[in-house]
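Q: build me a model:
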Amino acid sequence: MFQYTVTSDAAMQNVGAKIGQLVEPGSVIFLKGDLGAGKTTFTKGLATALGIQQYVKSPTFTLIREYTSGRIPLYHMDVYRLENGGGDELGLEEYFNGTGVSVVEWPQFIESEWPADYLQITINKVAADDNQRQLVFKPQGQQYENLVAQLAVAL
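A: Model prediction:
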């Protein structure tokens, strides 16, 4: 486990960009955090590093937004609305085992669909400063342990 603190949206996007430089086809990233924690802001940075020039916005109402113009496709998912189930109907396994990078907001609602290996990032607001966020990186699997080790050096 690795922890890192950011104090601005730009810093959050920078962390996303650093990870975007390290991900490979088939990477799965789970983003946990309250509303407004910075999950989509993080994803914007990751998309930039992948060379995606489209505007990245929260997929809250569409569930999945696909960005295919970068060096690796990005599948940005917000499964908050699946709180009461239904994730098995989305074909998530195809995304997770595909050639893109899957970024999933609110992954706790589809836990039964999780692959064996992934990177979970929990974003916590720090009460003393409205802009400050603590990111907790929890890798599952060797690929993600290596990614987090590289990230720790890069930050």
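Q: which intervals of this structure have sub-threshold pLDDT?
A: Filtered on pLDDT under 70, the chain yields the residue ranges 81-90, 128-129.
Q: what segments of it are helices?
A: For the chain, the helices defined by DSSP state H occupy 9-22, 39-49, 92-96, 142-154.
Q: got the buried residues for the shortest one?
A: For helix 92-96, the neighbour count (16 or more other CB atoms under 10 Å) marks 92, 95, 96 as buried. Placement of C-beta: from N, CA and C, glycine included.
Q: dump those residues to a markdown table, plus distance to residue 7.
A: What follows is the buried residues of helix 92-96, written out as a markdown table (distance: CB to CB, whole Å):
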| residue | distance to residue 7 |
| --- | --- |
| 92 | 33 |
| 95 | 32 |
| 96 | 32 |
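Q: and the strands in this structure, which stretches?
A: Ranges of strands in the chain, per DSSP state E, are 2-6, 28-33, 64-67, 74-78, 101-105, 118-126, 129-140.
Q: residues contacting the last one, please?
A: Around strand 129-140, the neighbours that count as contacts under CB atoms under 8 Å, 6 or more residues apart in numbering are 1-9, 12, 15, 33, 37-38, 116-126, 145, 147-148, 151.
Q: go again using 6 Å as the cut-off
A: With contact meaning CB atoms under 6 Å, 6 or more residues apart in numbering, strand 129-140 is reached by 1-8, 38, 117-124, 126, 145, 148.
Q: kindly report the same for the fourth one.
A: Outside strand 74-78, the residues that touch it by CB under 6 Å, 6+ apart are 43, 47, 50, 52, 58-60, 64-67, 95, 100-105.
Q: list buried residues within those residues.
A: The buried subset of these - by 16+ other CB under 10 Å - is 43, 47, 50, 52, 59, 64-65, 67, 95, 100-105.
Q: with those residues in mind, which one is nearest to residue 111?
A: residue 104 (10.7 Å; CB to CB).
Q: from residue 122, how far out is the nearest residue to that closest one once chain neighbours are set aside?
A: Spatial nearest neighbour of residue 104, chain neighbours left out: residue 77 (4.6 Å); criterion: CB to CB, 6 or more residues apart in numbering. The gap separating residue 77 from residue 122 is 17 Å, by CB to CB, to the nearest Å.
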